[in-house]
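A.B. asks: Fold the following for me, if possible:
(2 chains)
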Amino acid sequence: MPRYAELHCLSNFTFLRGASHPHELVERADALGYTALALTDECSVAGVVRAHMAARNRRLKLIVGAEFRLSCGLKLAALAIDRGGYGRLCRLITRARRAADKGQYTLTRADLEAAPPEGCFILWLPGPRIEAAEARWLAERFPGKLRIAVELLRDGEDGARLARLAGLGAQLGVGLLASGDVHMHVRARRRLQDALTAIRLNMPVAEVGGQLYPNGERYLREPARLARLYPRELLEAAAEIADGCHFSLDELRYEYPREIVPPGETPAGYLRRLTCEGAARRWPGGIPQTESTAIEHELALISELGYEPYFLTVYDVVAFARSRGILCQGRGSAANSRVCYCLGVTSVDPQRGAALLFERFISRERNEPPDIDIDFEHERREEVLQYVYNKYGRERAALAATVIMYRPRSALRDLGKVFGLTPEESGRLASVMQWWDGSTTIPERVRAAGFAIDAALLGRLLPLAAELTAFPGFPRHLSQHVGGFVIAQGLLEELVPIENAAMPERTVVQWDKDDLNDLGLLKVDLLALGMLTALKRAFALVNDFRGTHYGLGELPAEDPRVYDMICRADTIGVFQIESRAQMAMLPRLKPRNYYDLVIEVAIVRPGPIQGDMVHPYLRRRCGLEPVEYPGEEVRAVLHRTLGVPLFQEQVMQIAIVAAGFTPGEADALRRAMGAWKRTGGLDAFRARLLTGMHDKGYPDEFAERIYRQMEGFGDYGFPEAHALSFALLVYDSAWLKCFEPAAFTCALLNSQPMGFYAPAQLVRDARAHGVEVRPVDACVSLWDSTLERHADGAPALRLGLHLVKSLSLAGALRLIEARTRRAFDSVADLATRAGLDRGDLEALAAAGAFAALSGNRHLAFWEVAGSERPLALAAAEPASVAEGRPMLAAPTEGQQIVADYASLGLTLGRHPLALLRARLRAAALLSAGELHAAESGTAVRTAGIVLMRQRPATASGVTFLTLEDESGQVNVIVWERVGRAQRRALIESRLLEVHGELQSQEGVTHLIARRLIDRTALLGQLTTRSRDFH
Amino acid sequence: MALLPIPAGTQPDEAQSPPAAPARRAVPLAVPVVAGASGVVAAELWAGVHLSGLAPADALLRLARRAERFTPRVSLEPPDGLLLEVRGSLHLFAGVTGLRRAVTEECRRLGLTAVLAFAPTPLAALALARAGRAHAVLEMSALVGQLAPLPLATLRWPGKICERLARCGVRTVGAALRLPRAGFARRFGTAQLAVLDALTGRSRDLRSAFRARVRFRRRRELTCELENHQVILATLAPLFAALAAFLTERQCGVVELECLLDHRHAPATRCVLRLAAPMADARRLAELLGERLERLPLPEPVRGCELRSAALVPQRPDCLHLWQPGEHGGGLSSEASGLIESLRARLGEDAIHGLAQLEGHRPEKAWGKTAPPAAAGYRAAPRRRTRSPPVMRRPLWLLPMPRSLRVRDGKPRRRGPLRLIGEPERIETGWWDGEEIARDYYTAADIHGVLLWIFREREAPHHWYLHGVFG
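C.D. replies: So this is what the prediction gives:
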């Protein structure tokens, strides 16, 4: 049998062409005994890391390459011979990708001449019509490196083709080799490949016709088969070329950027200096002995692992943010170190809460790269991103990619099109199969949904959908990561190609964060967080009003009144613990210190909930259950959480100490946890975990729970390292809500959209806490909401113009400017001097902002309508000339409320339900206040405006509703059965009547719904909007 | 007294409704008739008809045609309104009540639900009807009072204007009328002010009158019974001549022409000619009808004939091409499309089709029927880029169904052993419609040297088939 290497092979990272995963291709090629496989995705190396990881422990050699189709039609593949060749290949891809829109590329012969991929073998891939001129052109440019790829695909003309190419090769002195234009690892993927072609061309497969491949020969063919098709020397030639390529991705070495260290200093020395300076700032009264020892210890460990440049890179970004007054906070494994505290990356005082060991987050044994995510004020993160781009240049910094995978919904939608279904039919099919996991067959379910679809068609469609959604997820396109930056010392484009993202001025590398991790390339996550924006504003408002100097982490620590408020679940607006699930937990968990907040943040998550860890923890906390440890090894891991594993880190450490995982295995486990929903790769660890723990004498039931918890972490893994940083934002926002509710609400309003609640609830809550809220007024309000001083010195909240729907910022600024020169005496005066157009004037009138100038809204609108004049007449005829005062009826209270909601989304008048109360009472409906006073277990009826609908994945079909009326909120639980039977009322109601049973325990009241009735009609024209979460 | 506030649903004051005793049964009488205190009768009285239910698109036109019998002054207010000036007709139809009954009856006959209101101005009558108030306001002085409570929407102003008025709290006609005129005009436009003025009779509302649309319809009774198609066609000739004159006068053509042939007992024979483009040439029309008639079996001899056109279509006069057809890109000639139309008339719609090569790798699906080129302006059917299917290797003559071949020693045979020539072409495709094929095609020569196109199935048991013969 001749040796053979496949040198022209596409994976599914040539989106919508390749029909096999890189690892499938590698495994199959290895099994067939190929000596090597070149992955030559079209103008891309996005799949090579996965292929590289799959080939790592195999005999098969992986060659990195790429296929290109030039604008003139010439098709070629380039294979990297060595590191230099790889770099030039990446540059060529970058050049082609950057010259086109996202997802496309453009390459011309001129490009190829300007940036020739030296250090690469070039394969000429002749088309169906063999153009000798192409070969001649290539042979001149790439002497010695060019080969002619002979691809015999049984179209009936193989013999003629071989003869013609052989003749051409002999004429030009260019060698021939065999290759297969591989699109799939086995021929069984032919249907999928046809379907992908149809998706790519956006037409039903039955209409694609000649653009489909006529047969399924483009797979990894058995060498025996190839030997019958090709002359032996062509197969050998392919293997020889493969032998000549000796580049491996393992050669890639990442270097940190050097400019983070001032000239003349070493990274270690510079980090030490910065840390010491920071320590002096943090502990102005002298560094405590324990801390300085700990800092020394950390510096030594960082130095040993060579992580100084990473910390310095992070420091550089943080220092920039601080210089611009952008609030930021680091989180993640390395962020909770004292070094980061001194560098200002985090503001969590290490002495606060439990004293933490640095090794818990970063260790010699575990081969984890340090991980720091930095959150910035969400409105100003872009400045930070641009800083990074500018500092390092686009050739050295880029965002990581995110590979968008097919989900059941998108797979069914695309395949529906392939089979000629209408978009509506595809959509219905997708909704029927919404939670389909790809494994079960469900024609019955489809029929049960009253969906008449051809069974044969479904029988063809579903297997394809299963292939698209199965492990490890079929890639669809590249997108940008939310904020993961890769920064390199050298040219990044010689490390990995860079392409354009959808957003202008954004560039992404072709690898995602797992790929970068696999190759040891480090990235820094620069993320946006709305709460930081709000906190920044709140500090500024408070400091301005009170003359204080508060900042993040600088508020009076551990104030019991703050914890009292938290225990009452009085937390609307507070970071993280404002959701209804969190609010239901607070009275039970009763946080009394910083570490309790850390636990609170992490406990209401799918991980602990699915692992059934919440109730044991609560019982132990209340002393209802003894604190015990399932084994001695885990005592150290679990003592902080009373013997119950709550954090992701604890679960991993248990895997190490109790199931005997090696640190490397634990790292693989961590990654599998993060992605198992997508990839299903967690099963592999299950048996290992269960037997490991069984062997060490742990109860099977405990091991099962740990495993379920791992699955839960996959949905939303929440590590202690992140919770520790978040808890600070929880405390600071709670402190502000407790002592400065006006400033806090003001800041939240100015930072919208963010958080869980709409302005209406925030304002209502503030007023309930005694804050005076003043209406939007064109004569007083600024763009943002502001604080005004009440007669008794207390702050009052003045709503800003930003709340006014469809008012332009430019118009508002002109208005404010005109006002500061001289107060307005009428709407006409305002319109003229501020130069507002009708849209802006009407927006202000609708908001009731002209109350001081014109009276009620009707009069305001009359004046607005009259103050717009044809330009020519503007000077000649003053607006108010001899115009009678109109006879306009004043708006009713109901109309006022409707108008308030329509324009501002909130009202300072009565709650709309107050107007309906008499009718509701007549219908025997209780208000929220009356409901909370009722006894648990009674059957009650109530009605309220639907604020929120939530259907958490962990709650198995249960929908949680929050209703609101003038007296408060009611939490409603709708079991799946009830919700399904009364789906319309559940989904469409804005005003909902609920009959059900009251359940209160531990200060938490729920209404278990039995009957839902849509009462939206009672609201008339009132516009309310529910926030729906899934 | 400006108005009589009579809520809908109560009986009107007998003294004020004109005596209309017989009408009571037919017309809902929960309808106030309003006269002013002055007793001055307005110069005009308009009946406004608002079609309230779902009405077919042509309902209004049909109703208008019928309404011409009540008054010569009919005016359309599409899509759902009709106005009749009835002051002069009142005495002919027993007053308002009688007229109401008569119009309602017309609507009922057309299957329409309508609200009918009377008022001295057309807009007012229409607004009342649109608001569902079947009032009869006979005098100017009572008008404003009756209009005041109507929602502004009854005036059908642009939504934006209504919205802006609503924001000022103005939602009824009355509220709008209370506003200062100058201020109103400046804010909401002089057009809207003009509407208000027309509504209240402050200015005259001039409307264009409705004229029914014409179609051609001509009958000819025969003195004898005819059976011969040619003779029948000849009898139709004067009708066609009349049609020609009719069309020329109006510069119109027809796209549909119907010929009815009456018999003694059997129901009339219908023959409908539908044309792709408007045609005004009566001679050509007669020819086409002749083609159609010839194939039409007549149950009995013909005693009378009638020619009817559908709605007329404006006809542009033909212009002659500079180039001959086919010359310098000249289009398919009108003769060609004429031929197609003639063939269709004679052989039926489905008898004619074009041939096209289709994309796809399955040989049996590589060609198909297409529609013949359209009569007006031939354009080449859009062609997609093909991957140059290997047509050359395929025979022109394919068997309707592949025919199974016998096999001996693993070799296919047809009247003797077949010799395979060249290499196979593999085709595997078509899985999406249940007619998947997976075959290796060969060219083979039989013992007489005839070249055949045969294939071997890729699936076990690997049968051989004959699929085509090379010429």
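
A.B. asks: show me what contacts the residue nearest to residue A:581 when sequence neighbours are not counted?
C.D. replies: Distances taken as Cβ to Cβ, 6 or more residues apart in numbering or on different chains put residue A:604 closest to residue A:581, at 4.9 Å, once the chain neighbours are dropped. For glycine as for every other residue, the C-beta is placed from the backbone atoms N, C-alpha and C. By Cβ atoms under 8 Å, 6 or more residues apart in numbering or on different chains, the residues touching residue A:604 are A:579, A:581-582, A:585, A:614.

A.B. asks: same deal with residue B:313?
C.D. replies: Counting by Cβ under 8 Å, 6+ apart, residue B:313 makes contact with B:252-255, B:278.

A.B. asks: List the neighbouring strands of the helix or strand containing residue B:49 plus their orientation.
C.D. replies: Using DSSP states H and E, residue B:49 maps to strand B:46-51. Note on strand B:46-51: by DSSP bridges, its sheet partners are strand B:81-85 (antiparallel), strand B:114-119 (antiparallel).

A.B. asks: Could you look up the next helix or strand downstream of the shortest one?
C.D. replies: Toward the C-terminus, strand B:81-85 is succeeded by helix B:95-109 as the next helix or strand (DSSP H and E).

A.B. asks: Any part of stretch A:841-856 near chain B?
C.D. replies: Yes. Counting by Cβ under 8 Å from any Cβ of the partner chain, chain B is contacted by stretch A:841-856 at A:842, A:845-846.

A.B. asks: hmm, I was thinking of stretch A:4-21
C.D. replies: No. Judged by Cβ under 8 Å from any Cβ, stretch A:4-21 makes no contact with chain B; its nearest approach is 13.8 Å.

A.B. asks: any idea how far that stretch is from the chain center?
C.D. replies: When distances are taken as Cα atoms, centre = their mean, to the nearest Å, stretch A:4-21 is centred 29 Å away from the chain's centroid.

A.B. asks: cool, stretch A:190-210 as well?
C.D. replies: For stretch A:190-210 - counting by Cα atoms, centre = their mean - the centre lies 31 Å from the chain centre.

A.B. asks: what comes up buried for it?
C.D. replies: By 16 or more other Cβ atoms under 10 Å in any protein chain shown, the buried positions in stretch A:190-210 come out as A:190-199, A:201, A:203, A:205, A:208-210.

A.B. asks: thinking again about what came up before, which one of the contacts of residue A:604 sits closest to chain B?
C.D. replies: residue A:579 (37.7 Å; Cβ to the nearest Cβ).

A.B. asks: Please report how far the residue nearest to that closest one when sequence neighbours are not counted lies from chain B.
C.D. replies: Leaving aside its sequence neighbours, residue A:579 sits nearest to residue A:756 (Cβ to Cβ, 6+ apart; 5.4 Å). To chain B, residue A:756 is 33 Å away according to Cβ to the nearest Cβ, to the nearest Å.

A.B. asks: Residue A:87 too?
C.D. replies: According to Cβ to the nearest Cβ, residue A:87 stands 36 Å off from chain B.

A.B. asks: element containing the nearest residue to residue A:265 once chain neighbours are set aside, please.
C.D. replies: In this structure, residue A:265 finds its nearest non-sequential neighbour in residue A:273, 7.6 Å apart by Cβ to Cβ, 6+ apart. Using DSSP H and E, residue A:273 sits in helix A:267-282.

A.B. asks: What lies in contact with that helix?
C.D. replies: So helix A:267-282 is contacted by A:256, A:260-262, A:265, A:287, A:291-292, A:295, A:299, A:302-303, A:308-309, A:311-312, A:315, A:338-339, A:341-344 (Cβ under 8 Å, 6+ apart).

A.B. asks: gap between it and the chain center?
C.D. replies: The chain centroid and the centroid of helix A:267-282 are separated by 34 Å under Cα atoms, centre = their mean.

A.B. asks: What of stretch A:255-265?
C.D. replies: Per Cα atoms, centre = their mean, the displacement of stretch A:255-265 from the mean C-alpha position of its chain is 32 Å.

A.B. asks: what distance separates the start and the end of that stretch?
C.D. replies: End-to-end span of stretch A:255-265 (Cα to Cα, to the nearest Å): 17 Å.

A.B. asks: Report the buried residues of that stretch.
C.D. replies: Those would be A:256-257, A:260-261, for stretch A:255-265 by 16+ other Cβ under 10 Å.

A.B. asks: and those residues as a markdown table, adding distance to chain B and pLDDT?
C.D. replies: Output for the buried residues of stretch A:255-265, formatted as a markdown table (distance: Cβ to the nearest Cβ, whole Å; pLDDT from 0 to 100):
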| residue | distance to chain B | pLDDT |
| --- | --- | --- |
| A:256 | 50 | 76 |
| A:257 | 48 | 79 |
| A:260 | 53 | 83 |
| A:261 | 57 | 86 |
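
A.B. asks: Pick out whichever of the residues you listed sits closest to residue B:124.
C.D. replies: Nearest to residue B:124 out of the buried residues of stretch A:255-265 is residue A:257 (Cβ to Cβ; 81.3 Å).

A.B. asks: Surely the closest one touches residue A:313?
C.D. replies: Yes. Shown here, residue A:257 and residue A:313 form a contact pair, counting by Cβ atoms under 8 Å, at 6.8 Å.
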